[in-house]
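A.B. asks: Sequence isn't available, so here's the structure alone:
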Ligand SMILES: NC(=O)C1=CN([C@@H]2O[C@H](COP(=O)(O)OP(=O)(O)OC[C@H]3O[C@@H](n4cnc5c(N)ncnc54)[C@H](O)[C@@H]3O)[C@@H](O)[C@H]2O)C=CC1
Ligand SMILES: O=C(CO)COP(=O)(O)O
């Protein structure tokens, strides 16, 4: 029986998972990037910036020392956003328990990692940094799981994907609770592609959703069309990159997460798409690079804005015509107006 774990990253999701685990009587040490957030978790038992209004159990403690959070823990969950995950992994390399392979590592970040040749999946990148014995032993955790609902006990399904079934079961047992139902999968590639690309589709969905408020040319029918087409793009890219199980895309890791990210009021990628239309948010950035360099100026993190650049490159490399990914890429690069890009995608002339 595991009695203490480390969670690297004290954002909304890391905190929500910490709460689920701590309520089972397992002590949780969280690594927090920011000192103020760390102090708040320890003093008032709340993560006011990333998960406000949620009282945290007292067996969750926070620290700004990765060593303290990760050493001597049988399981570590990496919950930094995809943009920063590699920095967190590099810091883990000095942790004796990690160096000696004594820990099982789960990862929840959704996105790609840039590399010289072509964008890489999170697990394969992390494996290359960690000692060799972690190869094929990491666990990827995904599924439709907005932190706000996980933290308040909203019934949620998750997928625990690993090439090593013992490890996926270990994470499944750690996270399973009255409100969290966790399933195992071997398809680490399919699950990761689904998680990264649904964020891109959700930006397109948000754009459409905002236009829907202004025009009867876009309705629920149009949005479902986008969802179905989006799932096809996820599947095409997934198959090209080595997804092993077709069922991944019809599971909670595929269509489930796509649906919640597109439709939930908690969805940040959807919100970003809506802000593009309703608040002209792209006017604040010179170009795509400026947007990516200044993502931290937004009040929320739309990881799909980063993922679209990677997905666009991968689609090109694999000779895939993925129209929604192209549309979001064109919108963020301001190749024409978002409305014109949507018209082009739908092959219509006016709203
Ligand atoms: N929020 C959600 O509902 C869910 C999130 N996820 C995934 O979990 C990962 C974490 O997302 P959230 O918890 O939502 O993040 P968040 O947006 O709530 O928090 C961002 C976190 O990043 C930290 N941070 C900022 N700059 C940093 C840096 N330079 N280095 C390291 N950390 C830094 C912040 O201190 C904060 O802890 C993401 O990849 C996301 O896709 C997965 C499922 C659900
Ligand atoms: O992955 C998520 C839900 O499963 C969170 O999606 P957003 O990043 O769009 O909020």
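C.D. replies: Cool, got the structure. These numbers were taken from a predicted model, which means no experiment stands behind them. Residues are numbered from 1 along each chain as shown. Ligands and ions are numbered 1, 2, ... in the order given.
A.B. asks: Report pLDDT for residue 1.
C.D. replies: Among the per-residue scores, residue 1 shows a pLDDT of 77.
A.B. asks: Report how many residues lie close to it.
C.D. replies: Counted with other CB atoms under 10 Å, the neighbours of residue 1 add up to 6. In this view, the C-beta of every residue, glycine as well, is placed from N, C-alpha and C.
A.B. asks: With the one 3 residues further on instead?
C.D. replies: Look at residue 4: counted by other CB under 10 Å, it has 14 neighbours.
A.B. asks: for the closest residue to it other than its chain neighbours, phi and psi?
C.D. replies: Here the nearest residue to residue 4 in space, its sequence neighbours aside, is residue 27; by CB to CB, 6 or more residues apart in numbering that works out to 4.2 Å. Per-residue torsions, residue 27: phi -70, psi 140 (degrees, to the nearest 10).
A.B. asks: can you tell me how far residue 27 sits from ligand 1?
C.D. replies: 20 Å (CB to the nearest ligand atom, to the nearest Å).
A.B. asks: That residue contacts residue 59, doesn't it?
C.D. replies: Yes. Under the criterion of CB atoms under 8 Å, residue 27 lies in contact with residue 59, with a separation of 4.8 Å.
A.B. asks: per-domain residue ranges of the chain.
C.D. replies: The chain breaks down into these domains under the TED database: 4-186, 196-348.
A.B. asks: Got the confidence number for the residue of the chain found nearest ligand 1?
C.D. replies: Relative to ligand 1, the nearest point of the chain is residue 11 (2.4 Å; CB to the nearest ligand atom). Note on residue 11: pLDDT of 98.
A.B. asks: Identify the residue spatially nearest to residue 213, adjacent ones excluded.
C.D. replies: residue 278 (7.8 Å).
A.B. asks: And for residue 163?
C.D. replies: With sequence-adjacent residues excluded and distances taken as CB to CB, 6+ apart, residue 163 is closest to residue 136, at 4.1 Å.
A.B. asks: Name the residues of the protein found near ligand 1, please.
C.D. replies: For the chain, the residues found near ligand 1 under the criterion CB under 6 Å from any ligand atom are 9-14, 33-34, 50, 79-82, 84, 87-88, 108-111, 145-147, 301, 303.
A.B. asks: Show me what the helix or strand residue 292 falls within is packed up against.
C.D. replies: For residue 292, the element it lies in under DSSP states H and E is helix 288-293. When contacts are defined as 3 or more CB pairs under 8 Å, 6 or more residues apart in numbering; DSSP states H and E, helix 288-293 sits against helix 303-317.
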